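[1] Here's my sequence, what's the structure:
(2 chains)
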Amino acid sequence: MKVQIPIGPQHPALKEPIGLRMTVEGEVIHDADLRLGYNHRGVEKVAEGRSYIQNLYLTERICGICSHSHSTTFAQGAEILFEIVPPKRGQFLRYLVSELERVHSHLLWLGVAGHEAGFDSFFMYVWRDREIVMDILEMISGNRVHYAINTIGGVRRDIDEAQRTKILDLLAVLRARTSFYLNLGTTEPSFVGRLAGVGYLSKEDAMSLCAVGPTARASNVPRDVRKDDPYGIYDEVPFEVCTADTCDVLGRTVVRIKEVLQSYDIMEYLLRNLPAGPVAVKAPRRPKPGEIVSRYEAPRGENIHYIKSNGTDKPERLKVRAPTLGNYAATIAMLKKGFIADIPLIFAAIDPCICCAERSVELVDSRSGRPSVVRWSELRRMAGRRAARDSKKRNVEWPL
Amino acid sequence: MDRIRGLLGERILEMTNPAVRRIFLTLAPQDLVWALGRLKADMGYWHLSTISGVDLGDAFEFLYHLTDDLPGSLHVRTRTPKAEARIPSICSVIPGAVLYEREVQEMFGVVVENIPDNRRLLLSDDWPDGQHPLRKDWKHVRPEEKIPGGKS
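    Next comes the predicted model:
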């Protein structure tokens, strides 16, 4: 007997509510459906009525975790329309913040993955590390969440020599601690066993469903906008695109860990080669008429903004595609043939902005047909019990 | 660019290269599915980033942002008159396009022919029919606030 289970959409702690409807038979998911728009704010419509500099701050508020990525995407596009080039030092600082944001977003995700898999001490250790990144970001920009460091034509704040050495010292601490905790987490067989084989997404599916970011890279699709379409300073910075071929949640974890380590390298390169000079140039009030497509690799995947200018101080059209939307179609494919108990893990694995909260799931008993509401914590306990019964993945090796 | 010109031939209405690694291509709506199929099969443009819609006043313009494994991206542009706005669904070529097609369908009120799933995606269930927020002539009017029991 097939039953439908609604999941979501509302929870006061979520910034991105989503409605999921699963068709299940027993504990196996047969179909999943999606209903978006519970938090649609009409940013694209609002942007048509605001000036470019106002839109910079509007786009920053699209996301709370990757706030810098949207404002950078917009600023990159607007700078081409304004026909200005930000000075080298400004670009270095801008992409330094980008990489710091990637590290803090991936560490956050790693902690959440540990939490969803039932490894809460790992979660707390990783999040303690993440505080160092947040402190660096606060030191550079003055803010922990919305850095507001971008401006059209460069960045708004400079760093001095003392701060530069301080950041380098903190990065060394961070690298040492991350390696230690990663070793701790990744040699723990029950943690690895919980992640392996969950949420399978084949390479063909990842390509046809247009998956982006670490989700696609974990299915061995080597797509990274920083390499494919190098923007800013990425054509001169040495780094590698990280992929995995296991196509599951374990692969997504491996990709993110490798990316954090790559980001440390990029940041050290940027800080050691930081050029002297101004950090911003002054932008004119009005751009030339034209259109531009700006692409950016956010922590979750490709961010794309299409800006059309009509010569006034307000854009004619601003189209924003955030990476999570690109991954929804792939998530539905991942959920199929999975278990109800794996929903938190699979959903958290694409790193949507809705993973860190406790939320309720309504389960319908297939025999009595009575719905019963289960709390997220209970669902995780069920997941733990199922994983304990499942012994075939005990001896999976960590592929790093 | 020459390869695209060789592949699609006469059906290209316009092709420009305004910036580094950016190609803009204009096609008629009826050629879209055929052209994207050729581009995917012969040139490897398999990834659709998104579909952007623009209201030009008396017509709509839709841009399909495509990428392949090589650096750079291709942006296929198509136009349809506002009075009878119709574009074909490209889900037969790129299955991941369905969410973006549902989005433009409700935001611009364009009919996407042969779309596999034409339910609402973003607008609420009680949204009135025929209201399409991203059209330029659509203005948001805040409904008058009703205080139960009247103002005191």
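
[2] Counting neighbours, what do you get for whatever residue of the stretch 201-350 of chain A ends up closest to chain B?
    Closest to chain B within the stretch 201-350 of chain A is residue A:210: 3.3 Å, counting by C-beta to the nearest C-beta. Where you see a C-beta, it was placed from the backbone N, CA and C, and this is true even at glycine. The number of residues packed around residue A:210, counting by other C-beta atoms under 10 Å in any protein chain shown, is 26.

[3] Next up, the contacts around the nearest residue to it once chain neighbours are set aside.
    In this structure, residue A:210 finds its nearest non-sequential neighbour in residue B:96, 3.3 Å apart by C-beta to C-beta, 6 or more residues apart in numbering or on different chains. Applying C-beta atoms under 8 Å, 6 or more residues apart in numbering or on different chains, we find residue B:96 in contact with A:208, A:209, A:210, A:211, A:326, A:329, A:330, B:48.

[4] Please enumerate the helices of the stretch 151-300 of chain A.
    A:161-186, A:189-195, A:203-208, A:213-218, A:225-228, A:249-272 (DSSP state H, counting those that start in this stretch).

[5] Over to chain B?
    B:2-8, B:32-43, B:98-108 (DSSP state H).

[6] I'd say residue A:24 and residue A:340 touch.
    Yes: look at residue A:24 against residue A:340 with C-beta atoms under 8 Å: they come within range, at 6.2 Å.

[7] Quickly list what's touching both of these two.
    Common neighbours of residue A:24 and residue A:340 (criterion: C-beta under 8 Å, 6+ apart): residue A:5.

[8] Dihedrals phi and psi, residue A:224?
    Per-residue torsions, residue A:224: phi -150, psi 120 (degrees, to the nearest 10).

[9] List the contacts of it.
    Contacts of residue A:224 were listed using C-beta under 8 Å, 6+ apart, and they are A:217, A:241, A:297.

[10] what about residue A:171, neighbour count?
    21.

[11] And the one 5 residues further on, by the same measure?
    Residues lying near residue A:176 (other C-beta under 10 Å) number 10.

[12] got it, and residue A:4?
    12.

[13] okay, now the closest residue to residue A:74 other than its chain neighbours: neighbour count?
    Distance criterion C-beta to C-beta, 6+ apart; nearest residue to residue A:74, sequence neighbours excluded, is residue A:59 at 4.4 Å. The number of residues packed near residue A:59 is 25, by other C-beta under 10 Å.

[14] Quick one: classify the closest residue to chain B within the stretch 51-200 of chain A as helix, strand or coil.
    Nearest residue of the stretch 51-200 of chain A to chain B: residue A:80, at 6.9 Å (C-beta to the nearest C-beta). Look at residue A:80: counting by DSSP: H, G, I helix; E, B strand; the rest coil, its state is helix.

[15] is it true that it touches residue B:19?
    Yes: Residue A:80 is within contact range of residue B:19, at 6.9 Å (criterion: C-beta under 8 Å).

[16] any common contacting residues for these two?
    Residues touching both residue A:80 and residue B:19 (C-beta under 8 Å, 6+ apart): residue A:292.

[17] what's the lowest-mean-pLDDT helix or strand in chain B packed up against?
    Here the helix or strand of chain B ranked lowest by mean pLDDT, DSSP states H and E is helix B:2-8, holding a mean of 73. Applying 3 or more C-beta pairs under 8 Å, 6 or more residues apart in numbering or on different chains; DSSP states H and E, we find helix B:2-8 packed against strand B:22-27, helix B:32-43.

[18] tell me, how many neighbours does residue 18 end up with?
    Unless you meant another one, I'm taking chain A. Close neighbours of residue A:18, defined as other C-beta under 10 Å, add up to 21.

[19] That was the other one, I meant chain B.
    13.

[20] If we ignore the residues flanking it in sequence, what's nearest it?
    residue B:24 (6.5 Å).

[21] Please check which residues sit opposite the one you found as beta-bridge partners.
    Assessed by DSSP bridges, residue B:24 has beta-bridge partners residue B:16, residue B:75.

[22] Which residues are in contact with it?
    Contacts of residue B:24 by C-beta under 8 Å, 6+ apart are B:14, B:15, B:16, B:17, B:18, B:75, B:77.

[23] repeat for residue B:110
    By C-beta under 8 Å, 6+ apart, the residues touching residue B:110 are B:53, B:60, B:62, B:80, B:85, B:86, B:87, B:104.

[24] go with 7 Å
    B:60, B:80, B:85, B:86, B:87, B:104 (C-beta atoms under 7 Å, 6 or more residues apart in numbering or on different chains).

[25] out of the residues you listed, which is most surrounded?
    Ranked by the number of neighbours (other C-beta under 10 Å), the contacts of residue B:110 place residue B:87 first, at 26 neighbours.

[26] What residues does it make contact with?
    B:29, B:32, B:62, B:78, B:80, B:110, B:112.

[27] Closest one of these to residue A:162?
    Sorting those by distance to residue A:162 puts residue B:62 at the head of the list, at 51.8 Å, by C-beta to C-beta.

[28] in what helix or strand does residue A:140 lie?
    Counting by DSSP states H and E, the element that carries residue A:140 is helix A:120-141.

[29] packing partners for that helix?
    Contacts defined by 3 or more C-beta pairs under 7 Å, 6 or more residues apart in numbering or on different chains; DSSP states H and E place helix A:120-141 against helix A:88-116, helix A:161-186.
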